[in-house]
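> just coords:
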């Protein structure tokens, strides 16, 4: 899955890449954003498990043929780590799954940092396939 290149000078990247611009590269960005996606998936699986919803992720998550998705966008703010607070996204995902009476789901997270104004925004895509 292709990721759009991101402006490495965006302030919103500091919580992800650190403040030293010497190490800011597109490869490092992709590595860190994929690591963050795996952390979000793990957190979401734990949350779903507490609600008796069986959530699984494939070894190669991007190969999952998803049938639906939930998109949540968190805008950059003066508190730079704010858009990376996954619990704000997880609430909306869980709400959607409960509304649809889903109790078994395969999913993956696809996250991108997008330019917008001075700070940017973080777009979370929860792509999933419902098991019967």
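Ah, there it is. Since this is a predicted model, take the numbers as computed values, not measurements.

> now for the longest helix belonging to the chain, which elements pack on it?
Ranked by residue count under DSSP state H, the longest helix found in the chain is helix 26-50. Here helix 26-50 touches helix 14-17, strand 54-56, helix 87-99, strand 104-114, going by 3 or more Cβ pairs under 8 Å, 6 or more residues apart in numbering; DSSP states H and E. All C-beta spots, glycine's among them, are computed from the backbone N, C-alpha and C.

> buried sites along it?
29, 33-34, 36-37, 40-41, 44-45, 47-48 (16 or more other Cβ atoms under 10 Å).

> tell me the least confident of those?
Here the lowest pLDDT out of the buried residues of helix 26-50 sits on residue 29, with 90.

> my guess is that residue contacts residue 16. True?
Yes. Using Cβ atoms under 8 Å, residue 29 makes contact with residue 16 at a distance of 7.4 Å.

> which neighbours do those two have in common?
residue 113 (Cβ atoms under 8 Å, 6 or more residues apart in numbering).

> in the lowest-mean-pLDDT helix or strand in the chain, what counts as buried?
None of the helices or strands of the chain scores lower by mean pLDDT, DSSP states H and E than helix 14-17, at a mean of 86. Of all the residues in helix 14-17, those buried under the rule 16+ other Cβ under 10 Å are 15-17.
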